[in-house]
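K.L.:
Take this sequence and fold it.
(3 chains)
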Amino acid sequence: MASGSVEGEQSSLADDYDALISTTDVELLKRAWRNEKAAPEILRFESDLITRVREQIELMEETVEEKLTVGTDPLSVSLYQMDLDRTLFLLRSYLRIRILKIEKYMFHIRKTEELWNRLSKDEKFFTERCTDDLKKHLEESVLSKLPENYQSYERQSVISEEDDMVPEPRLDTFVLCRSKEYLTGIQLEDGPVDDRSKLFEMEPDVLYFICYKSIKSLVESGKIDLL
Amino acid sequence: MYGRKACQLVKEFASGEKGQLTPFNNDLFDQVVAECSQHHGELQSLIRKMQEEGLDVQTARNADHYGALIHLFSIVRNKRCLTAYVYNRAETIRNLLWKIGPVIPKEIEEKLNHWEEEYFKKHSAALKSYMSKVLVDLTVDMVPPKDPYIQVRVLEDIREGIVLSDDKNPNFARHSMHFLKRTDAEKYISRGLMEELTG
Amino acid sequence: MAGQSNHELSLFSAEELEFIAEDEIVDIVPNLKMDPLCLISGDFGPFTPQIVTQVPLWLAIALKKRGKCSIVPPQWMSVEKLTQVLEAERDSQEMSEHLPFHYVEISRLLFDHARDNISDAYMVRSLIEDIRDVRFHKVETDLEAFNGRTIAVKIKNLSAMEVNIVRPFIGRALQAFYKHDSPDLIPDPERVSDRRPQVAPNAPRRQLRR
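P.N.:
From the prediction side, this is the model:
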């Protein structure tokens, strides 16, 4: 440390640091859970966060087990158990929403590199199995019975120029969001009406209903939270 | 009219209660499939006719060209309806897995066709394999957890058949109050022998 | 097959809203001695009789149910504060900023589990209900002001429960406006007048809900 005179500054830095680390992983998981629930498309898998939360869950499971064997008072054991149950619910629900999104848009996710890269290793494996199974099911039940030029599950016929039969999420859905800081210069996309080419501003802690497409990148960068 | 049966098939699915399945309509389904082959036959013969007349199939705009187009669109429309029928039923089948688990009750099984049964089994295996890899059971905890214990008051003396998960044997005398696991208390509450206390 | 909406995925259930609200921090006065709890969601305690400490609402309710503490209702849950809020809500079209995002869930949880800790509980409850009603009415009036030029809606101080109620409506309405405003979807005016000759050509566009 250069000199003692910056002590005040140091302690405020330390405060910031405290504020930063005092955001618990459960809080972060809750945020990821809310974003995933509210976003129409699948978001990036929070790999590091999930690893940390799982470690904490395991540790807590051991702690509860230990407290039970040494005969700690049942009251505090039941409180530890409740805390554990709440965290487990968030983890399960987070993973479940992602699996439900994958089930719903599996073909689209599998063929879109950007989305594919957002999945965890296990999710990728699941998606591969799912798409193979559903493709086979469609082929056996319908497609193989149709004339030769119409047997693709992705395209209506051989003359289709793009994949015109793959369901994808609607990114023009309106979502509810909130920003932590003052944001300016948000481009509202794709509007034929003049207003839409204008830039949009967001005040901190005010709720906005807005087209998901317009704020997609801000959700990805963590600047905006969905509710 | 072309496409009417396919439309009927889709309507049949759409008018059903959400999340419920009606028996797979093999009869109508096969009729739509047969329609597709008929259209395809007509389409081929119109193209052959144009070729025999020395016309360029890509650029000629005569009656046969437009006739062929109608058959092409009819096949595509029928295909979309057939696929939508199977695809949406498959979605309902996947959702059943979340609701009732990997064993299908007889009354639902009867509504599935052979391929749907296969699909259900395969998808269920895929989900199971995912869950065993992440070591988390996703089929439980569908709603947020509540305090596992509740406060109850006994409304009538309960003397016999008391079974609690913690092997304790409390005295459930009338008007006595207890702190029990919700799962233990529920059977007494539903029989009107206890009431839950709040506030 | 394409373009199905997924509203059922994006909504929070009433239970989930309550779950989120249960993480709000409240003051409690314990009547037992207990070591600090080092939970995944944070460290709380130590617990000493008659010494106020701060815990999440779920923990407060669990202790209260077991007769181990009393809960100090949050400041805004007093007759005095709520009377002020109600007046402010009635005087202005703006939503009051003095209530927390989860005021509906927090007050319901406290009424269900810690009624005896709320002074003038009856009065407090009826004030909160009045405030809810006034606010819902305001939200409805706000919705009437929507039109096809609405691209984003700014809502100050709307609570979680209110959000959940208006969400499906606003989401779908905005989506519909957005879609119908697209020029290639606007039908040919001649065809429209052919089909509906009774409509005068200069008739003003009908406003929503007016």
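
K.L.:
what's around A:Thr131, how many residues?
P.N.:
18 (other CB atoms under 10 Å in any protein chain shown). For every residue, glycine as well, the C-beta is placed using N, CA and C.

K.L.:
That one and A:Met106 touch, don't they?
P.N.:
Yes: the criterion here is CB atoms under 8 Å, and A:Thr131 meets it with A:Met106 at 4.9 Å.

K.L.:
Please name the spatially closest residue to residue 81 (chain neighbours excluded).
P.N.:
As the question left the chain open, I've gone with chain A. A:Val64 (5.8 Å; CB to CB, 6 or more residues apart in numbering or on different chains).

K.L.:
not what I meant, chain B
P.N.:
Closest to B:Cys81 by CB to CB, 6+ apart is B:Ala6, at 3.5 Å.

K.L.:
So for the strand or helix carrying that neighbour, mean pLDDT?
P.N.:
Element membership for B:Ala6 (DSSP states H and E) is helix B:4-15. For helix B:4-15, the mean pLDDT works out to 94.

K.L.:
can you pull the buried residues of the following helix or strand past that helix?
P.N.:
Next along the chain after helix B:4-15, taking DSSP H and E as the criterion, comes helix B:26-52. By 16 or more other CB atoms under 10 Å in any protein chain shown, the buried positions in helix B:26-52 come out as B:Phe29, B:Val32, B:Val33, B:Glu35, B:Cys36, B:His39, B:His40, B:Glu42, B:Leu43, B:Leu46, B:Ile47, B:Met50.

K.L.:
what's helix B:26-52 packed up against?
P.N.:
Judged by 3 or more CB pairs under 8 Å, 6 or more residues apart in numbering or on different chains; DSSP states H and E, helix B:26-52 is in contact with helix B:4-15, helix B:63-100.

K.L.:
which of those helices is buried the deepest?
P.N.:
Stretch with highest mean neighbour count among these: helix B:63-100 (a mean of 18; mean count of other CB atoms under 10 Å in any protein chain shown).

K.L.:
Which helix or strand lies directly C-terminal to that helix?
P.N.:
Counting by DSSP H and E, what follows helix B:63-100 is helix B:106-109.

K.L.:
Is any residue of the next helix or strand after that following helix near chain A?
P.N.:
Beyond helix B:106-109 on the C-terminal side, the first helix or strand identified by DSSP H and E is helix B:114-134. Yes: using CB under 8 Å from any CB of the partner chain, we find that helix B:114-134 touches chain A at B:Trp115, B:Glu116, B:Glu118, B:Tyr119, B:Lys122, B:His123, B:Ala126, B:Leu127, B:Ser129, B:Tyr130, B:Lys133, B:Val134.

K.L.:
What's the local residue count around the fourth one?
P.N.:
Residues lying near B:Tyr119 (other CB under 10 Å) number 24.

K.L.:
and the nearest residue to B:Leu97 once chain neighbours are set aside, how many residues sit next to it?
P.N.:
Excluding its sequence neighbours, the residue lying closest to B:Leu97 (CB to CB, 6+ apart) is B:Ser124, at 5.5 Å. B:Ser124 has 18 neighbouring residues, counting by other CB under 10 Å.

K.L.:
Any figure for the gap between B:Ser124 and chain A?
P.N.:
Distance of B:Ser124 to chain A, computed by CB to the nearest CB, to the nearest Å: 10 Å.

K.L.:
Let me know the distance separating the closest residue to A:Ser120 other than its chain neighbours from chain C.
P.N.:
Nearest-residue entry for A:Ser120: A:Phe45, 4.4 Å, with adjacent residues in sequence omitted and distances by CB to CB, 6+ apart. For A:Phe45, the distance to chain C (CB to the nearest CB) stands at 17 Å.

K.L.:
name the element A:Phe45 belongs to?
P.N.:
Per DSSP H and E: A:Phe45 is located in neither a helix nor a strand.

K.L.:
tell me, how many neighbours does it end up with?
P.N.:
A:Phe45 has 21 nearby residues by other CB under 10 Å.

K.L.:
Phi first, then psi, for it.
P.N.:
Dihedral pair for A:Phe45: phi -70, psi 130, per degrees, to the nearest 10.

K.L.:
Could you report the distance from the residue of chain B most remote from its centre to chain A?
P.N.:
In chain B, the greatest distance from the average C-alpha position (CA atoms, centre = their mean) is reached by B:Gly54, at 52.4 Å. According to CB to the nearest CB, B:Gly54 stands 23 Å off from chain A.

K.L.:
So what's the predicted local confidence for residue 136?
P.N.:
In the absence of a named chain, this looks at chain A. pLDDT for A:Lys136: 97.

K.L.:
meant chain C, my bad for not saying
P.N.:
With respect to pLDDT, C:Phe136 scores 85.

K.L.:
and it, what is it in contact with?
P.N.:
Residues in contact with C:Phe136 (CB atoms under 8 Å, 6 or more residues apart in numbering or on different chains) are C:Glu162, C:Ile165.

K.L.:
Also A:Ser47?
P.N.:
A:Ser120.

K.L.:
other SSEs contacting the biggest strand by length in chain C?
P.N.:
Ranked by residue count, the top strand of chain C under DSSP state E comes out as strand C:25-30. Applying 3+ CB pairs under 8 Å, 6+ apart, we find strand C:25-30 packed against strand C:53-56, helix C:57-65, strand C:69-72.

K.L.:
Relative to chain B, which of those is closest?
P.N.:
Closest approach to chain B among these is made by helix C:57-65 (5.4 Å; CB to the nearest CB).

K.L.:
right, is the closest one up against chain A?
P.N.:
Yes: counting by CB under 8 Å from any CB, contacts between helix C:57-65 and chain A involve C:Trp58, C:Leu59, C:Ala62, C:Leu63.
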